[in-house]
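Novice: Okay, predicted coordinates and the sequence, questions at the end:
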Amino acid sequence: MQRKAKEVGMLLVTGNQPLWALFKALESIHLGSSVILVSPHSRELTAWLRARGVKSLSLLGHVPIHPWELDYRHVVVLWDGVDEKAAKCIITARERCGCTFHFIPDPKQFSIWSGLGKVEVVCVPVSGYLTRSGHGVLGKGLALQAKLWFPEAHKILGYSLRKFGNFPTVLGEVKGTYVMTFPTKPVQEIYPCEVIPEGRRYGFKPGDVVPGFLLPDDPEVIEAAARALRQAIGPGTIYLPWIEYLEALRPLKDTAAMLVDEQGPRPLKEV
């Protein structure tokens, strides 16, 4: 029997970030009167939230992922860097209720999403695999995080793969910055072939089709994506996640492309 959902104004999920940075970021967000809090700073944040007029405050020890557990009505705030379980919870909320999503950058490490509103393009790595329903796969990491802004991203990617093949495509725009896919893996291969460690549990047999998201990065796919991206955006500034096969990115060497890791962005031409 399905349980009745509990209506809340906000689900506030934070990581283990400095309190001063969290307080500063929340100052600019309308909290409403009802908040459910998931945070290692529960005691400190409880006092802070009550002092700012939050009347209904509930604490959870974990992020709920079952759709019937909560009914998010207005705002979801997610601190950059929380785990994939939390990201899936936020995506479920957006798909069901169309609630607002706020990105609060982590001051301890650089995030590629800090480029929103500052650069022309932010890229997320994907494979070219299509599901049986005709959708692309954005199941983890930066690709999954892109769905926080664009819950329909898997459908957009699927349409692009069917029509244009395994090349970069625009998922949407945030603060004037385009969020684009950047293929790093092939569509699929026939086993036996190299698979990533997480793929070994699938127990492939000779002749099985191995989906692209279980395959390692392919330098030929990366170079083709780099050429297509160069033609699409010209010399504009691009944020790319760190990619092992730097030589495959040579079509972007004459652009303002930046490779991004936790330390920050570095010009591709200087790497």
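Specialist: It's in. Numbering: from 1, shown residues only.

Novice: Low-confidence bits of the protein, can you list those?
Specialist: 1-9, 62-83, 96-100 (pLDDT under 70).

Novice: Spell out the residue ranges of the strands in it.
Specialist: In the chain, the strands defined using DSSP state E lie at 6-13, 34-38, 56-59, 70-79, 100-104, 121-126, 170-174, 177-183, 188-190, 209-211, 238-241, 258-261, 264-267.

Novice: Let's have these in CSV, adding distance to L157.
Specialist: Heads up, the C-betas are built off the backbone N, CA and C, glycines and all. Shown next, in CSV, are these (distance: least, C-beta to C-beta, whole Å):
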stretch, distance to L157
strand 6-13, 25
strand 34-38, 29
strand 56-59, 36
strand 70-79, 21
strand 100-104, 19
strand 121-126, 7
strand 170-174, 7
strand 177-183, 6
strand 188-190, 15
strand 209-211, 14
strand 238-241, 16
strand 258-261, 21
strand 264-267, 25
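
Novice: Throw those into CSV and include mean neighbour count and distance to L22, thanks.
Specialist: Shown next, in CSV, are the strands of the chain (neighbours: other C-beta atoms under 10 Å; distance: least, C-beta to C-beta, whole Å):
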stretch, mean neighbour count, distance to L22
strand 6-13, 21, 10
strand 34-38, 20, 11
strand 56-59, 14, 16
strand 70-79, 20, 7
strand 100-104, 17, 7
strand 121-126, 25, 24
strand 170-174, 17, 22
strand 177-183, 24, 24
strand 188-190, 16, 43
strand 209-211, 17, 38
strand 238-241, 24, 24
strand 258-261, 19, 23
strand 264-267, 14, 21
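
Novice: Nearest to V221, out of the ones you listed?
Specialist: strand 177-183 (5.3 Å; C-beta to C-beta).

Novice: how far is stretch 237-250 from where the chain is centred?
Specialist: Distance of stretch 237-250 from the chain centroid (C-alpha atoms, centre = their mean, to the nearest Å) equals 18 Å.

Novice: Quick one: residues in contact with that stretch.
Specialist: 112, 115, 119-125, 142, 182, 184, 217, 219-220, 222-223, 226, 229, 252, 255-261, 265, 268, 271 (C-beta atoms under 8 Å, 6 or more residues apart in numbering).

Novice: which residues sit in contact with the residue nearest to P267 when sequence neighbours are not counted?
Specialist: Distances taken as C-beta to C-beta, 6 or more residues apart in numbering place M258 nearest to P267, at 5.9 Å, with adjacent residues excluded. Contacts here follow C-beta under 8 Å, 6+ apart; on that basis M258 touches V119, T237, I238, Y239, L240, P265, R266, P267, L268.

Novice: Could you double-check that the last one sits in contact with D254?
Specialist: Right, the one you point to is L268. No. Contact criterion C-beta atoms under 8 Å: L268 and D254 do not qualify, at 9.6 Å.
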